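K.L.:
Okay, here's the prediction I keep looking at, along with the sequence it came from:
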Amino acid sequence: KVVKWGNYASLSEISNAADLAYSEIMKWTKNMFLVPRGKVGNAFIFEVSRLLNLFNDKTEWESIALRLLFIFIPMMLQKPSKNSRAKDHNIYLDKRLKLWKVGDLNAIISEGCEIQKRLEETRKAQERSLATKFAQLMIHGKVSAATSLINRQSGGLLDVDETVIGQLKEKHPSAMNAADEILITGNKVAVEEVIFEAIDSMLVKKAAKLTSGSG
């Protein structure tokens, strides 16, 4: 049985399109809204169930059904803007579902990439603002405030390349035997195990907040 979807005339064409979409979505920053209630939300859930059934029922679509599901959710639920509301989400989800139904993946991906582009521009603007604030605090000698400003910023995963790997190796050299002058010699002091009872999650959290340095 020939599988068709929109302009895709075969299963291999659909598979290639899904792979291209997936490779693009993998670069996207998290930016999804909650599934809205009502008719449009139900249509979204119905399509999720349909894609799962295409796999579970061992249909002709079995080999690509899960891949389609993986791209379907982030493609459908991209927030159109930072301050978008539920009404906006309904409108865009309805529009994307219609494009999905006719197999127009390119149109949905194009819209998602434009949204992600704006997110990246916003992120860079925030980084420039942070750098300016940090420099101003340092100029005025407010080192503690500058450090706190940096520590309050949310982190993320660093893209790993040869340069990053080289820097990590420099920061973490190969293990060496400890120098004699730093070792404690003599009789060992017995420690009562009861002292460890005071160590709980709150103490660990408090100690972690007081740490600073390259870690």
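P.N.:
The structure has been received and is ready for your questions. Numbering: from 1, shown residues only.
K.L.:
starting at the chain centroid, how far to stretch 83-101?
P.N.:
22 Å (C-alpha atoms, centre = their mean, to the nearest Å).
K.L.:
heads up, I number from 381, so please use that
P.N.:
Done: numbering now begins at 381, and the last item shifts to stretch 463-481.
K.L.:
How is the residue nearest the centre of the chain assigned, secondary-structure-wise?
P.N.:
Using C-alpha atoms, centre = their mean, the residue of the chain that lies closest to the mean C-alpha position is residue 410, 5.1 Å off. For residue 410, the secondary-structure state derived from DSSP: H, G, I helix; E, B strand; the rest coil is coil.
K.L.:
Show the average pLDDT along the strand or helix carrying residue 511.
P.N.:
Residue 511 is part of helix 485-519, with elements assigned from DSSP states H and E. Averaging pLDDT along helix 485-519 gives 80.
K.L.:
which helices and strands does it pack with?
P.N.:
helix 391-405, helix 442-456, helix 466-481, helix 523-532 (3 or more C-beta pairs under 8 Å, 6 or more residues apart in numbering; DSSP states H and E). Just so you know, the C-beta spots here come from the backbone N, C-alpha and C atoms, and that holds for glycine as well.
K.L.:
so who does the closest residue in space to residue 412 that isn't next to it in sequence touch?
P.N.:
Excluding the flanking residues, the one nearest residue 412 by C-beta to C-beta, 6 or more residues apart in numbering is residue 457, at 4.1 Å. By C-beta atoms under 8 Å, 6 or more residues apart in numbering, residue 457 lies in contact with 412-415, 473.
K.L.:
For this protein, which residues score under the pLDDT cut-off?
P.N.:
381, 502-508, 533-538, 592-595 (pLDDT under 70).
K.L.:
Just the buried residues of stretch 434-445, please?
P.N.:
By 16 or more other C-beta atoms under 10 Å, the buried positions in stretch 434-445 come out as 434-435, 441, 444-445.
K.L.:
Name the nearest of those relative to residue 586.
P.N.:
The shortest approach to residue 586 among the buried residues of stretch 434-445 belongs to residue 435, at 48.1 Å (C-beta to C-beta).
K.L.:
Would you check how far apart the closest one and residue 449 are?
P.N.:
The gap separating residue 435 from residue 449 is 8 Å, by C-beta to C-beta, to the nearest Å.
K.L.:
buried set for stretch 404-413?
P.N.:
Of all the residues in stretch 404-413, those buried under the rule 16+ other C-beta under 10 Å are 404-405, 408, 411, 413.
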